[in-house]
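>>> predicted model, plus sequence, below.
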Amino acid sequence: DAGVTQSPTHLIKTRGQQVTLRCSPKSGHDTVSWYQQALGQGPQFIFQYYEEEERQRGNFPDRFSGHQFPNYSSELNVNALLLGDSALYLCASRETGNTEAFFGQGTRLTVV
Amino acid sequence: AQSVAQPEDQVNVAEGNPLTVKCTYSVSGNPYLFWYVQYPNRGLQFLLKYITGDNLVKGSYGFEAEFNKSQTSFHLKKPSALVSDSALYFCAVRGASGYSTLTFGKGTMLLVSP
């Protein structure tokens, strides 16, 4: 059983561009959350999706948006990239009713 | 609002000695508490959790954690450290609601010397 998979693993973008990151949850998991981990910091919650709807949102601007598909996979989109968006973006999935979340290996985004 | 504090940026311990990584939390209602480990350029790996029941919970790789409600703490422990335990450790908390999300501490780097 594959765990949580994210693509791409690394990405370099220019300021002002847009980026899409992808996540496939662990089999049987229907809740997907995205986190941003800046260098030297703990992960910060961006948003959570369940049944294709955004259920919770952290303190991130509207430039950050997402989507969940019927197969529970998810995308994170960031528009008008800033240098400060450079970070490791982590996707986590869990099964509704279960407590622990499982994380992917992350996408390292560098904005230049 | 929920929060997690990990007061130590780094913990140094010699191989074979016991280790403790500290964590305190704040959350409304009953806490769900977690420890995750992160190796360089990798995602987070789940170590253990406290939901309810026995205050001492056991997890992967010989790690355990002690929940103390009165001190709002959830310290990670291991009786005998290994060099391979060297990594970044994160404590996290969430509420009991199904809508609740994880709040992480800033992390503690554990360095185990041979």
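In hand now; what should we look at?

>>> dump the residue contacts of the residue nearest to residue B:32 when sequence neighbours are not counted.
Setting aside the residues directly before and after it, residue B:32 is nearest to residue B:94 in space (C-beta to C-beta, 6 or more residues apart in numbering or on different chains), at 4.9 Å. Backbone N, C-alpha and C define where each C-beta goes, glycine included. Residue B:94 is in contact with B:2, B:27, B:31-32, B:34, B:100-103, counting by C-beta atoms under 8 Å, 6 or more residues apart in numbering or on different chains.

>>> most neighbours out of the residues you listed, which is it?
Counting neighbours by other C-beta atoms under 10 Å in any protein chain shown, residue B:34 leads the contacts of residue B:94 with 27 neighbours.

>>> how about the residues of chain A by chain B?
Applying C-beta under 8 Å from any C-beta of the partner chain, we find that chain A lies next to chain B at A:4, A:6, A:33, A:35, A:40-45, A:48, A:55-56, A:58, A:90, A:92, A:96-97, A:99-106, A:108.

>>> okay, the residue nearest to residue B:32 and residue B:4: tell me how far apart.
The gap separating residue B:94 from residue B:4 is 10 Å, by C-beta to C-beta, to the nearest Å.

>>> quick one: common contacting residues for the two?
Residues touching both residue B:94 and residue B:4 by C-beta under 8 Å, 6+ apart: residue B:103.

>>> and residue 77, what's its pLDDT?
No chain specified, so I'll use chain A. The model reports residue A:77 with a pLDDT of 98.

>>> chain B, not that one
What the model reports as pLDDT for residue B:77 is 98.

>>> how deep is it tucked in, by neighbour count?
14.

>>> which strand or helix spans it?
strand B:73-78 (DSSP states H and E).

>>> picking up where we left off before, of the residues of chain A next to chain B, keep whichever come out buried.
A:4, A:6, A:33, A:35, A:42-45, A:48, A:55, A:58, A:90, A:92, A:100-106, A:108 (16 or more other C-beta atoms under 10 Å in any protein chain shown).

>>> isn't residue B:45 right up against residue B:59?
No. If you go by C-beta atoms under 8 Å, residue B:45 and residue B:59 don't touch, sitting 10.5 Å apart.

>>> can you pull the contacts of the closest residue to residue B:69 other than its chain neighbours?
Among residues not flanking residue B:69 along the chain, residue B:55 sits closest, at 8.0 Å (C-beta to C-beta, 6+ apart). Counting by C-beta under 8 Å, 6+ apart, residue B:55 makes contact with B:66-69.

>>> just those residues now: which is nearest residue A:74?
residue B:67 (31.8 Å; C-beta to C-beta).

>>> which residues touch that closest one?
Shown in contact with residue B:67 (C-beta under 8 Å, 6+ apart): B:33, B:50, B:55-57, B:73-74.

>>> low-confidence ranges in chain A?
For chain A, the stretches flagged by pLDDT under 70 are A:1.

>>> work out for me the element the closest residue to chain B within it sits within.
Going by C-beta to the nearest C-beta, chain B is nearest to residue A:42 of chain A, at 3.6 Å. Applying DSSP H and E as the criterion places residue A:42 outside every helix and strand.
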